[in-house]
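Enquirer: Kindly generate the corresponding structure for this input.
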Amino acid sequence: MGRGRQKAKNTKIARELKYDTYSVNYSALERELGAPAAGEDEYVDKWADQYSDEYEDEKA
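Expert: Next up, the predicted model:
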């Protein structure tokens with residue numbers, strides 16, 4: 001029991017997601033996700049040189 005009610009709720013949510021327009025503040029989202037701002041240096045892996053690559057020995 002209750003399958004019809006759950007299906008109706010899911011249908012309602014799906015319609016809201018499909019047809020409603022949401023305004024997205026992309027600059028706030030970018031700051032929240034930690035994307036570097038324009039002009040900043042690219043990401044540098046400070047641990048890259050600490051360990052040797054395990055596949056480098058096999059190539060030689």
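
Enquirer: Could you pick out the longest helix of the chain?
Expert: helix 3-19 (DSSP state H).

Enquirer: avg pLDDT for that helix?
Expert: Helix 3-19 comes out with an average pLDDT of 92.

Enquirer: could you dump the next helix or strand after that helix to CSV, C-alpha only?
Expert: The helix or strand immediately downstream of helix 3-19 is helix 26-33, counting by DSSP states H and E. Extracted C-alpha coordinates of helix 26-33, given in CSV (Å, rounded to 0.1, in the frame of the first residue of the first chain):
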residue,chain,number,x,y,z
TYR,A,26,27.8,30.5,-10.7
SER,A,27,30.4,32.8,-9.1
ALA,A,28,29.3,31.7,-5.6
LEU,A,29,29.3,28.1,-6.6
GLU,A,30,32.8,28.5,-8.1
ARG,A,31,34.1,30.0,-4.8
GLU,A,32,32.4,27.2,-2.8
LEU,A,33,33.9,24.5,-4.8
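
Enquirer: list the buried ones in helix 26-33?
Expert: Counting neighbours by 16 or more other Cβ atoms under 10 Å, one finds that helix 26-33 has no buried residues. The way it works is simple: take the backbone N, C-alpha and C, and place the C-beta from them, glycine included.
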